[in-house]
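Undergrad: Need a 3D model of the following:
(one chain, ligands or ions: 1)
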Amino acid sequence: MPCLNTLYAILRPESFNEYRLVKFDVVVIGAGAAGLHCAAIAAARGKTVLLLDHAKRPGKKILISGGGRSNFTNYFIEPEKYICENPHFCKSALSQYTQWDFIALVEKYNIAYHEKTLGQLFCDDSAKEIVAMLVSECEKNKVNFSYQTEVLKVGKLDDGQFTITTNKSDYICSNLVIASGGLSMPKLGATPFAYKVAEQFGLRIVPTKAGLVPFTLPPELKDPLALISGVSMPVSISSDTASFKEDMLITHRGLSGPAVLQISSYWNSSENISIDLLPAGDFSAELEKAVQEHPNSQLKTFLGNLFAKRFVDTYLNLINFDSVLLKQLDHKQKNFLTESIHNWKVKPSGTEGYRTAEVTLGGVSTEHLSSKTMEVKSCPGLYFIGEAMDVTGWLGGYNFQWAWSSAYVAGINVR
Ligand code: FDA
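TA: Next up is the predicted model:
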């Protein structure tokens, strides 16, 4: 196949809007967290960079993240807090560009932030500041932006360069960085674009599913719990392979809150979830003490001291237990109650899916990628970064840190 370079005049990037075929050192597809950061880092090294997105504006997910305040990283970033077929893969990137590097950038822009809980860092004011910072880094380094741009086709020339055909112009570049994210929240512009490009270049996709997502419940659980939606409580929640101690929120659709979102990433659809409703206490001991001290109290009254009153009535109905006087409880009933409180078995009917999921589990298999650079080993110049890959973090700023770290290592390695 003849090289396109010889068929078209190669025009200067600064004037790219006026011409149909323009050459850049680097084209980044996807102006989300990873794409914005990578574009700025590559451009700071003197590379000519085009950052394109089909959306009207950059960083839509950043803007809504953390309830509008963006949980942009975490003090306690560790490889163990990422899910990937290869648990070692994320180590190199996370150590080359750490949470402290991103925090330094945030501080350079005088963005005020605070730790909310468990090392999670949020903007004091607004997630808009993070997007403005990333865009400013791009502009400072002369990244070319092209929004509302649909990529129609991607190809590779015999000389190793890539071609990108869009609804606006055609481009060629020496490095193509795919930063188009995963499938979560299609209404914000999520597409399977990265997986399609990966498949085109012969890369395997680890099966995808919604992660950090609320559980839906069968009607016999959902209907009574819906009546007390809004109740939140600290729990310890476990699947066969993981356990988290955080808050659980009852909603009109099922179960949500940080504990549930966390465990959803480890849950297989055939599994029961075990919920400890009193993770910091010993229910059996509390009950025995109450029986001794207040034998004529109602069980309901005793439970009302430990849990929200609305929850107590609903929960006793769910476990088919009538409120009796504490002194009337026999040994078997006490054991049953203790088991029900410390090990409430719930079988979710499913999850809310990509519509509300914060992340996509699975994605482009890391077996094809260099862990040091994110470059495809069999296709020099092609990179995958961010959520498109089979690397998924816990709730709490871990996913943005993966976006920043993977973007950085690609940005400093593009040629
Ligand atoms: P991201 O999805 O950010 O960007 C992909 C970009 O590619 C988008 O701009 C999209 O428009 C573009 N694109 C897609 N298909 C395209 C195509 N075919 N052509 C051109 N462009 C295309 N994480 C965290 O650490 N802390 C938090 O507080 C939160 N909060 C949060 C809230 C909500 C509601 C969600 C949905 C997610 C979070 N996350 C989070 C997760 C976090 O947002 C996510 O992991 C990162 O945004 C991933 O960054 P990427 O750049 O890889 O993808």
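Undergrad: Contacts only, for whichever residue of the stretch 301-415 of the chain sits closest to the ligand.
TA: Relative to the ligand, the nearest point of the stretch 301-415 of the chain is Gly386 (2.2 Å; CB to the nearest ligand atom). The C-beta positions use only the backbone N, C-alpha and C, and glycine is treated the same way. Taking CB atoms under 8 Å, 6 or more residues apart in numbering, we find Gly386 in contact with Gly30, Gly32, Ala33, Ala34, Gly35, Ala179, Gly181, Trp402, Ala403, Ser406, Ala407.
Undergrad: The same query, at a cut-off of 6 Å, please.
TA: When contacts are counted by CB atoms under 6 Å, 6 or more residues apart in numbering, Gly386 touches Ala34, Ala179, Ala403, Ser406.
Undergrad: So what's the residue count around the nearest residue to Phe201 once chain neighbours are set aside?
TA: Excluding its sequence neighbours, the residue lying closest to Phe201 (CB to CB, 6 or more residues apart in numbering) is Cys379, at 5.2 Å. Per other CB atoms under 10 Å, the neighbour tally for Cys379 reads 16.
Undergrad: Make sure Cys379 is indeed in a helix.
TA: No. Cys379 is assigned coil when assessed by DSSP: H, G, I helix; E, B strand; the rest coil, not a helix.
Undergrad: what about the residue of the chain positioned farthest from its centre, distance to the ligand?
TA: Largest separation from the mean C-alpha position in the chain: Asn296, at 49.9 Å (CA atoms, centre = their mean). Distance check for Asn296 against the ligand: by CB to the nearest ligand atom, to the nearest Å, it reads 49 Å.
Undergrad: ends of stretch 93-109, how far apart?
TA: 23 Å (CA to CA, to the nearest Å).
Undergrad: and it, anywhere near the ligand?
TA: No. Counting by CB under 6 Å from any ligand atom, no contacts exist between stretch 93-109 and the ligand, the nearest distance being 10.8 Å.
Undergrad: Give me the contacts around that stretch.
TA: By CB under 6 Å, 6+ apart, stretch 93-109 touches Thr73, Ile77, Met133, Gln401, Trp404, Ser405, Ser406, Tyr408, Val409.
Undergrad: And the residue of this structure closest to the ligand?
TA: For the chain and the ligand, the shortest gap (CB to the nearest ligand atom) falls at Gly32, measuring 1.8 Å.
Undergrad: ok, that residue touching Gly181?
TA: Yes. Under the criterion of CB atoms under 6 Å, Gly32 is in contact with Gly181, at a separation of 5.4 Å.
Undergrad: Mind giving me the PyMOL command for buried ones among the contacts of Gly386?
TA: In PyMOL, a selection of the buried entries from the contacts of Gly386 looks like this (16 or more other CB atoms under 10 Å):
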select buried, resi 34+179+403+406
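Undergrad: May I see the contacts of Gly386 organised as CSV, with secondary structure added?
TA: Output for the contacts of Gly386, formatted as CSV (three-state DSSP):
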residue, secondary structure
Ala34, helix
Ala179, coil
Ala403, helix
Ser406, helix
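Undergrad: which among the contacts of Gly386 are in contact with the ligand?
TA: Filtering the contacts of Gly386 for proximity to the ligand (criterion: CB under 6 Å from any ligand atom) leaves Ala34, Ala179, Ala403.
Undergrad: what's near enough to touch the last one?
TA: The one in question is Ala403. Applying CB under 6 Å, 6+ apart to Ala403 gives the contacts Ala33, Ala34, Gly386.
Undergrad: Quick check: closest non-adjacent residue to the last one.
TA: By that I understand Gly386. Ala34 is the one closest to Gly386 (CB to CB, 6+ apart), at 3.0 Å.
Undergrad: thought the one you found was touching Ser405?
TA: No. The criterion here is CB under 6 Å, and Ala34 misses it with Ser405 at 9.2 Å.
Undergrad: Skipping adjacent residues, who's closest to Trp267 in space?
TA: Excluding its sequence neighbours, the residue lying closest to Trp267 (CB to CB, 6+ apart) is Ser239, at 5.1 Å.
Undergrad: Which residue comes closest to the spatially most central residue of the chain once chain neighbours are left out?
TA: Centroid-nearest residue in the chain: Val359, 3.6 Å away (criterion: CA atoms, centre = their mean). Excluding the flanking residues, the one nearest Val359 by CB to CB, 6+ apart is Gly211, at 4.4 Å.
Undergrad: so the one you found touches Ile263, yeah?
TA: No. Using CB under 6 Å, Gly211 is not in contact with Ile263; the gap is 10.5 Å.
Undergrad: Okay, now the unreliable bits of this structure?
TA: 1-20 (pLDDT under 70).
Undergrad: What residues does this protein have near the ligand?
TA: Listed as neighbours of the ligand in the chain under the rule CB under 6 Å from any ligand atom: 29-35, 53-55, 60-61, 64-66, 70-71, 151, 179-181, 184-185, 189, 191, 193, 358-359, 386-388, 397-400, 403.
Undergrad: Just the buried ones from these, in ChimeraX syntax?
TA: In ChimeraX syntax, the buried subset of the residues of the chain next to the ligand is picked out as below (16+ other CB under 10 Å):
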select :29,30,31,32,33,34,35,53,54,60,61,65,66,70,71,151,179,180,181,184,185,189,193,358,359,386,387,388,397,398,399,400,403
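Undergrad: quick one: which of the residues of the chain next to the ligand sit in helices?
TA: If you go by DSSP state H, these have Ala33, Ala34, Gly35, Lys60, Lys61, Ile64, Phe193, Tyr398, Asn399, Phe400, Ala403 in helices.
Undergrad: Those residues: which two are farthest apart?
TA: Spanning the widest gap among these are Phe193 and Tyr398, at 23.4 Å by CB to CB.
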